[in-house]
Structures are given as C-alpha cells and as structure tokens.
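Q: Build me a model:
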Amino acid sequence: MSYPLFKVHVWVQTGLGILHRLPNRSAPCSEVQSSGDHPGSRGKALALRAYELMIIFKSDLEESVVQTNINKLEGLANDVGGTLEKVDKRGVRRFAFEIKHMWEGFYVVLEFVSPKPLDEIDRTLRLADDVIRHKFMRLPVPEAHKRGLVGTTN
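A: Have a look, this model is predicted:
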C-alpha cells in the first residue's frame, strides 16, 4: 500500500512575534537557526538589522526640542547596542487630512542599525506628547545594502 506524501513546513518565530515559514523542507529543531533574541533561542550570533523610523512632530515645536527628542532616541538605541546612522529632517509639511486636530507637522526620518529589536523606542514614541504619528519598519536586506547600511545581514 502506498501512502500519499505530505510537505512538512517548519515555522520559526522571530523576536517580534512574527512567524516565518521555511521553504518546503522539514528540519529538526536543532537545525533551525535563531536570532537569539527570544525565549528558546540557541544563542547563535546576532546579525545587524536595519530599521527606518519616520516621526511627525507637532509643527509648533522649536528645532532644539526636536533635536533633544532625536538625541533621546539615539540613546535608547545605544542601550541595546544599536546606532543611529542617518537623520533626515524634512521640515514642516501640510497633511492631506486632519490628524489629531492638526493640519501640519514636522517630519523627521531616522535610520538605525541594531542587533536587537528597538521596542523601547517604539514604546517611548507612543507615549510622547510631542509626537503626532510615527512609523517604525525593518528594512529588507537588499534595501539596507542599497542604502549603505554596511554589516546588515539579517
């Protein structure tokens, strides 16, 4: 008697809680490489990750206050072994629609490189009164290399 073949998928959970499926192969848990930043990790070396952060501050803030907030975020990144690679202050821009009863904001784009997730920065920005909105995203490896964030492998 012949039994049907089944494809076995291996799922790996990253430190951010995202599940990734390994492509069409089965592997025992010892073969699965982990980044080492979540429970049950095997303690392998951590690769640097590139992050981009766009922040919209209130438009009535002075630039010194914005710079102070950027310095605080840089310190939080340094606490987990990360570095602030680039700061792009884009200035005051008008919104397409009203956000929190405001029509304009001061835009800042930051690029970080870190071996660990930058959760504390995200938490700090959610609680900040001077921040209208922020968007934190991990850059894909090809985009990180294209931007010159060297050493970024994962």
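
Q: which non-adjacent residue is nearest residue 106?
A: In space, and not counting its chain neighbours, residue 106 is closest to residue 57: 4.3 Å by C-beta to C-beta, 6 or more residues apart in numbering. Placement of C-beta: from N, CA and C, glycine included.

Q: The helix or strand in which the one you found is found: what's the following helix or strand?
A: Using DSSP states H and E, residue 57 maps to strand 49-58. Where DSSP H and E defines the elements, the next helix or strand beyond strand 49-58 is helix 63-79.

Q: Can I get that next one as PDB, trimmed to CA atoms?
A: This file holds the C-alpha atoms of helix 63-79, laid out as PDB (Å, rounded to 0.1, in the frame of the first residue of the first chain):
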ATOM      1  CA  GLU A  63      14.000  72.600  16.300                       C
ATOM      2  CA  SER A  64      16.000  72.400  19.600                       C
ATOM      3  CA  VAL A  65      13.100  70.400  21.100                       C
ATOM      4  CA  VAL A  66      13.000  68.100  18.100                       C
ATOM      5  CA  GLN A  67      16.800  67.600  18.300                       C
ATOM      6  CA  THR A  68      16.500  66.800  22.000                       C
ATOM      7  CA  ASN A  69      14.000  64.100  21.200                       C
ATOM      8  CA  ILE A  70      16.200  62.700  18.500                       C
ATOM      9  CA  ASN A  71      19.100  62.500  20.900                       C
ATOM     10  CA  LYS A  72      17.000  60.700  23.400                       C
ATOM     11  CA  LEU A  73      16.000  58.100  20.700                       C
ATOM     12  CA  GLU A  74      19.700  57.700  19.800                       C
ATOM     13  CA  GLY A  75      20.500  57.000  23.500                       C
ATOM     14  CA  LEU A  76      17.800  54.300  23.600                       C
ATOM     15  CA  ALA A  77      19.200  52.700  20.500                       C
ATOM     16  CA  ASN A  78      22.700  52.700  22.000                       C
ATOM     17  CA  ASP A  79      21.400  51.000  25.200                       C
END
